[in-house]
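>>> coords please:
(one chain, ligands or ions: 1)
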Amino acid sequence: MLLLRLGFLDIDFLDLIDIGLVAFLLYQVYFLIKGSIASRVFLGYLLVYGIYLIVRALGMELLSTILGQFMEIGVLALVVIFQPEIRRFLIFVGRSTNLQQYPILHRIFNQKSEKQSNWELQPVIDAVKKLAATRTGALIVIKKEDPLKRYIESGDALDAQLSRALLLAIFQKNGPLHDGAVIISDHRIKAARCMLPISENPDLPAILGFRHRAAIGLSEHSDAAVIVVSEERGEISMATEGGELHRHLPIHELQNQLVDYLRQR
Ligand SMILES: Nc1ncnc2c1ncn2[C@@H]1O[C@H](COP(=O)(O)OP(=O)(O)OP(=O)(O)O)[C@@H](O)[C@H]1O
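The predicted structure is shown next:
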């Protein structure tokens, strides 16, 4: 069904849907990569692609062949470079699918966390309170949906019952396990001394060191909640999906935000 004629261009209903979907996808891509180093790579790639289209339209054979080959390899390179962003996009799509409509799928896939109640998180809250009061640096990751497998494997496996005492023992200064992050999944401490990816966001304030950048880095790559206790300032922060850092949290605020965040679908 023809809707509009612009010169030699016929635009029909399907074209409008097509344009709308492309705009939506580009917006999602922008949202996923904004603020990261990947956004500059993406802009660079778009620029080269623009030049390639111009050169091809002008009929410059040699240059367009070279750029054409570069674009072909470039697509593969983009998949490698944007692997975390592509993963996050697919997780976003998967999560946007409302499984409640399909009770069987809902039961299979949705094993988390409406039950992730205050009570189950209480050992974490109590430990963070003590760690902040004693200015003991800590990095605590709580799994939401992303399984965090490779980060768990980067540390020392524990698979221990979650408790305040164990968290305090792990982060004791000079203790053998205090460096790196603890990862909690399904109410168990899966591993300690885990390595997290460091955020490359150039806009982060200089006051934030590697502990905070590691928390933000993981939250750029996954939907986990990452709690940081600053050794220098005793300050509590929490990083959530998309590289957001909520700083200066009083302990009751941490508790509320954590429970809300883990409940959100
Ligand atoms: N990639 C990483 N993954 C996990 N933990 C890390 C990583 N990089 C640094 N850390 C932890 O952060 C500690 C260093 O923290 P640093 O002083 O640089 O951070 P900070 O953000 O300034 O925090 P603080 O306010 O506690 O000093 C390291 O000893 C280590 O335990």
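>>> C-alpha from now on. contacts and neighbour counts both.
Noted.
>>> Touching, L162 and R188? I think so.
Yes. With contact defined as C-alpha atoms under 8 Å, L162 counts as touching R188 (4.8 Å).
>>> Between these two, which is the more surrounded one?
Neighbour count, other C-alpha atoms under 10 Å: between L162 and R188, L162 has more, with 20 against 15.
>>> Quick check on that one: phi, psi?
phi -70, psi 130 (degrees, to the nearest 10).
>>> Quick check: pLDDT value at it.
We have a pLDDT of 95 for L162.
>>> Distance check, it against E153.
Look at L162 and E153: by C-alpha to C-alpha, to the nearest Å, they are 18 Å apart.
>>> before we move on, what about L16?
L16 is 47 Å from E153, by C-alpha to C-alpha.
>>> what does D179 give?
Relative to E153, D179 is positioned 15 Å away (C-alpha to C-alpha).
>>> and the two? which has more neighbours close in?
D179 (21 against 14).
>>> so that one sits in a strand?
No. Using DSSP: H, G, I helix; E, B strand; the rest coil, the secondary structure at D179 is coil, not a strand.
>>> Surely V55 is in contact with T65?
No. In this structure, V55 is not within contact of T65 by C-alpha under 8 Å, at 9.6 Å.
>>> Comparing the two, which residue is more hemmed in?
Counted by other C-alpha under 10 Å, V55 and T65 do not tie: V55 has more neighbours, with 17 against 14.
>>> Which secondary structure element is home to that one?
helix 37-58 (DSSP states H and E).
>>> low-scoring pLDDT stretches of the stretch 101-250 of the chain, where are they?
For the stretch 101-250 of the chain, the stretches with pLDDT under 70 are 101-119.
>>> At the contact with the ligand, which residues of it appear?
137, 179-181, 194-198, 208-212, 214, 230-233 (C-alpha under 6 Å from any ligand atom).
>>> switch the cut-off to 8 Å
Listed as neighbours of the ligand in the stretch 101-250 of the chain under the rule C-alpha under 8 Å from any ligand atom: 136-139, 178-181, 193-198, 207-215, 228-235.
>>> can you pull out the strands in the stretch 101-250 of the chain?
138-142, 156-161, 181-185, 188-194, 225-229, 236-240, 244-246 (DSSP state E, counting those that start in this stretch).
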